[in-house]
Structures are given as structure tokens and as C-alpha cells.
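Chemist: Mind folding the following:
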Amino acid sequence: MGRRYYCDYCDRSFQDNMHNRKKHLYGVQHQRAKKAWFDHFRDSAAILYDEQAKKPCRKFLQKGICDFGPNCRFSHMSEEDLANLKRQAEDERQRKEDSEDRIVPERTVEQWLTRREKRRTALSSKGDLKDKEDSEGGRIDSDVPPQLLSILDLPPSLLPPPPDGWKVKLNTEWG
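Modeler: You can find the predicted model right below:
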């Protein structure tokens, strides 16, 4: 048996030759699967813009199901779904603006690393460098470089703790 080509988008494999690969890559099923994959990474504002430009699907509104499914050229979103999407897009935009406000453009990662190393050596020698930095800069440096704070969708484990600490809910049930 010869080499086989595996398509990650379609979750299929077939004999690898130029004719089969070209036929698959230009096929409708592959194009739809590829579009569906990249649509997972679109931001809410782009999805909202596309959905607002579409007319509502009559068949979906009447029966609750459409034969075309996600490939339908009409919108399958209700007014409530559009409102939720609009709120989500606004939250993403606000988060992006907040992260841009936190960036300190005059400092680079190299400068941050050198200051961090100085702070660690001073703490290991029992010196109090924090008072010196407060008097120099007038602000307390966080332990996270500002360039990392500009990245959206950081996992919670990489986000710095909030200045006022973590909020603890007393009536939280686990499991």
C-alpha cells in the first residue's frame, strides 16, 4: 500500500497522489470543513457584523431547523442570540481597550528583565530595593511585563492577580 494523505480539517485519509489530493482540496466538503475550522477563531465583532448583514432564515424561524444548517446564507440567530453576541463583542472590545491602557510603551522586555534581576539579587542580599524603586519611578512595578498584558485571551493561570485580591464566594459548591 502506498503513502496516505490525512486531512486534519475533514478527518479523512486517502491515497496520496496529485490527482486525489487536488480533487480533495478543491472539493466542497473540504472547503466547508476548512471554513468551519477557521470560523472558530473569529472574534465576536466579526461574527456579529456578518450576522447583522444577513436576513433571517424563514424556514429556521418557522420550523426551528434548516436543511442547509451552518452553510445557510441566511441568519439562524434569534434577537436574543444577537443581543448576547453584541454584549460579548462589547466585552471583548472593552477588555482590549483596558489591556492597551495598561501598556507602558517606554519599557521593553529587556529593561523589565534587568530590573527584575536587580530586585531579586537585592532581596536575596536582604536589601530593600522596593523603596528605592518607589521613590525613583513613583509607581510599583508589577511582576508581569506589560507586553504580556496586551495579549488577549490569556489563560487564567497566566493573568496577574487583581490588585485587591481574589474574590472568594462563601457559598460555592464544588463537584
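Chemist: where along this protein do the strands fall?
Modeler: With DSSP state E as the criterion, the chain has strands at 4-7, 12-15.
Chemist: Relative to Asp81, how far out is Cys66?
Modeler: Distance of Cys66 to Asp81, computed by C-beta to C-beta, to the nearest Å: 15 Å. C-beta coordinates here come from the backbone N, C-alpha and C atoms, glycine included.
Chemist: and the two? which has more neighbours close in?
Modeler: Looking at Cys66 and Asp81 with other C-beta atoms under 10 Å, you find the greater number of neighbours at Cys66, namely 17 against 12.
Chemist: From one end of stretch 91-111 to the other, what's the distance?
Modeler: Start-to-end span of stretch 91-111 (C-alpha to C-alpha, to the nearest Å) is 32 Å.
Chemist: before we move on, what about stretch 67-86?
Modeler: 27 Å.
Chemist: Any idea how many residues pack against Lys86?
Modeler: Close neighbours of Lys86, defined as other C-beta under 10 Å, add up to 15.
Chemist: For it, which non-adjacent residue is spatially closest?
Modeler: Of all residues not flanking Lys86 in the chain, Leu48 sits nearest, at 5.9 Å (C-beta to C-beta, 6 or more residues apart in numbering).
Chemist: And for Asp67?
Modeler: Excluding the flanking residues, the one nearest Asp67 by C-beta to C-beta, 6+ apart is Lys59, at 7.3 Å.
Chemist: Double-check the one you found against Cys66; I have them as touching.
Modeler: Yes: using C-beta atoms under 8 Å, Lys59 makes contact with Cys66 at a distance of 5.1 Å.
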